[in-house]
Structure formats: C-alpha cells, structure tokens
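Student: With the sequence up front, the predicted model follows.
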Amino acid sequence: YAAAIRQALEDAMVADPSVVVLGQAVSDPKPTYGTTSGLAEKFGADRVMNTPLSEDGMTGIAVGMALAGLRPVLVHIRADFLLLTFNQLVNMAAPMKWMYGGRLRCPMVVRAVIGKSWGQGPQHSKGVYPMLAHVPGLKVAAPAFPGAAYLALRAAIRDDDPVIFVEHRLLHDVEGDVDTDEHPDTMIQDQAVVHGGAGDVTLVGVSWMAVECLRAAPLLAEKGLRADVVIPTWLAPLDTSLIEASVARTGRLVIVDNSWTFCGWGAEVVARLAEGG
C-alpha cells in the first residue's frame, strides 16, 4: 500500500511538473511509512518540501499554491490535526469554485493518516473524515488496498477540486496488485467493489475495516452465513448503488467504520438506503 502511494506520487510528478509534495519530514529516509522515499532526490527541494509543525499555516500555503497553478499534495501524518486546518479547507478551498463563479479552482490533495496502532493515544488515532465528507466541495477517498490507492491518488491529483485522501496507518503494509497502466485522469467510476455476489448479509468496510470484513466473511461461512463484502473507495461524492444492489439480495446490512458512530459516514449510508426503500 505504501509503495503504491509512492508510485502514484512519482508517476504524477513525472507526468505533470505542476505537482508538488509538501509536509512534515517528506524528505526523511523513512518518511510517512516510506510513501515519499526517494522523491526529494529525484525531483529536488523545489518540488518536495519539508514543512514546519504548523498545520493551519501549511494548509493555507497549499491553498495558495493551488490557486497559483500548482497541484500540491500536502501530507498530514495524523488526521487529528486536520481539525486545525478547517478554516483553510472548509471556508477557503471547498467553496472556491462557487465563490468565484468557476473562474478559480483549488486542485489540491490532502493526505491524512488515521487510526490506532501501538502507542497512538486519543490525540493521534481519530478518523475525522466524516466531518470533511459533510462539506460541499470537498471530495474524500479512503482506499483499502494498494490497487485502489494508486488509482484513487492519481485521480485525486488530476481532479480540479480539493480531495482528502484518507490512509489508515495499518494499511501501509497491506499487499496487493497494482495496475499502473490504467490512466485515471478522472474520478474512478466504480465507487466500490463487491466480493461474494450473493449471501445472507452485506458487510461494508471503510479503509482498514474492509480488511476486517474480508477476514470476517470466511468465519461467517463456517457458521453457514454467506456475506457480501462491499469496499468503498470514494466516500464523497457518495454512490450507494452497489451497496443498494447487495442489500437487495441479502436483506441485511452491517457497516464497519473507523470513526464515531453518531453523525458518521455509515449513518449517512443507512439513511440513504432507508429513504430509497
């Protein structure tokens, strides 16, 4: 997964000289799980830039870069501190195209690492992406496997709107196939991948929880229960068509998320399915 993200960054930077990467320690020998390793040596300090510990200020600089014609990829090693950037993301970047009648756009990507692991306390383990998915003008991707991570990041960098790219820290060592021959200039059309095809229950797993759902499916099979597993990549804009199709077959739905339940992303999915009958 980490290598897929790194490859997506390198390929995007080769294809488009306006793509730049900035964030805390992005040029360190082992930066952000290796996702930016070697980029500073290949592209130089003008395109791979370390930043101070100033999340609000650096996000504002990334917004300015985007308005000036660059395509910045800003790395936040802990999504908890995106809370410091809400003015820049919610009041500045997200509504830009509407405030200026489409004359200005804000093509930036914010990589945000979520989730718990060893030693991550309550200030370093949040998944605040449902708050950002709530905001008109922000797109949110949370790919669960390397192939989806590569394609989603390439698409996010090419998109003319700001994108929050969510990575659970436990995903960076997950292995899987990556197809770099595809040309994701636009948003991925399929919003989710369905595994199973028929069954007794639909499991929807977001980010690392997709891994857990795939682990749960054979355990349920041992009990005689067949499970569809739906793995969303794009949380906003939200396309529930594959989830709806699966639930129409199974009649039961379990959503497994990384964030808080109240007003969460899963609650929005359940509400939409209920409204649709």
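Tutor: That came in fine, so what should we check first? Numbers count the residues shown, from 1 in each chain.
Student: what ranges do the strands span in the stretch 151-277 of the chain?
Tutor: Taking DSSP state E, counting those that start in this stretch, the strands of the stretch 151-277 of the chain run over residues 163-168, 192-195, 201-205, 227-232, 234-236, 253-256.
Student: show me where this structure has helices.
Tutor: Taking DSSP state H as the criterion, the chain contains helices spanning 2-15, 39-43, 55-67, 86, 96-99, 129-133, 146-158, 208-222, 241-250, 265-275.
Student: Format these as TSV; extra columns: mean neighbour count, distance to Val109 and mean pLDDT.
Tutor: All C-beta spots, glycine's among them, are computed from the backbone N, C-alpha and C. Formatted as TSV, those follow (neighbours: other CB atoms under 10 Å; distance: least, CB to CB, whole Å; pLDDT from 0 to 100):
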stretch	mean neighbour count	distance to Val109	mean pLDDT
helix 2-15	20	9	95
helix 39-43	15	14	93
helix 55-67	20	9	93
helix 86	17	17	90
helix 96-99	16	15	92
helix 129-133	24	13	90
helix 146-158	24	5	94
helix 208-222	17	20	93
helix 241-250	17	25	90
helix 265-275	16	19	92
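Student: would JSON lines of those with distance to Gly199 be doable?
Tutor: Shown next, in JSON lines, are these (distance: least, CB to CB, whole Å):
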{"stretch": "helix 2-15", "distance to Gly199": "29"}
{"stretch": "helix 39-43", "distance to Gly199": "43"}
{"stretch": "helix 55-67", "distance to Gly199": "43"}
{"stretch": "helix 86", "distance to Gly199": "40"}
{"stretch": "helix 96-99", "distance to Gly199": "41"}
{"stretch": "helix 129-133", "distance to Gly199": "27"}
{"stretch": "helix 146-158", "distance to Gly199": "22"}
{"stretch": "helix 208-222", "distance to Gly199": "9"}
{"stretch": "helix 241-250", "distance to Gly199": "5"}
{"stretch": "helix 265-275", "distance to Gly199": "17"}
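Student: Quick one, which of the ones you listed gets closest to His76.
Tutor: helix 55-67 (6.6 Å; CB to CB).
Student: Any idea what Val163 is bridged to?
Tutor: Val109, Lys139 (DSSP bridges).
Student: Which of the strands of the stretch 151-277 of the chain has the lowest mean pLDDT?
Tutor: Between these, the one with the least mean pLDDT is strand 192-195; it has a mean of 70.
Student: before we move on, back to that, most packed of the strands of the stretch 151-277 of the chain?
Tutor: strand 163-168 (a mean of 27; mean count of other CB atoms under 10 Å).
Student: Show me what that one is packed against.
Tutor: For strand 163-168, the elements it packs on are strand 109-114, helix 129-133, strand 139-141, helix 146-158, judged by 3 or more CB pairs under 8 Å, 6 or more residues apart in numbering; DSSP states H and E.
Student: and the angle for it with strand 109-114?
Tutor: 20 degrees (axes from the mean of the first three to the mean of the last three CA atoms, to 10 degrees).
Student: Need the pLDDT of Thr186.
Tutor: 50.
Student: likewise Ala198?
Tutor: 69.
Student: same check, this time on Gln120
Tutor: pLDDT, Gln120: 67.
Student: Asp200 is nearest to which of the helices of the chain?
Tutor: helix 241-250 (5.8 Å).
Student: how far is that closest one from where the chain is centred?
Tutor: Put simply, helix 241-250 sits 23 Å off its chain's centre (CA atoms, centre = their mean, to the nearest Å).
Student: Packing partners of that helix?
Tutor: Applying 3+ CB pairs under 8 Å, 6+ apart, we find helix 241-250 packed against strand 192-195, strand 201-205, strand 227-232, helix 265-275.
Student: If I take it and strand 227-232, what angle do their directions form?
Tutor: Using the same axes, to 10 degrees: helix 241-250 against strand 227-232 is 170 degrees.
Student: returning to that earlier point: make CSV out of the helices and strands packed on helix 241-250 and add distance to Asp239.
Tutor: Shown next, in CSV, are those (distance: least, CB to CB, whole Å):
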stretch, distance to Asp239
strand 192-195, 8
strand 201-205, 13
strand 227-232, 8
helix 265-275, 10
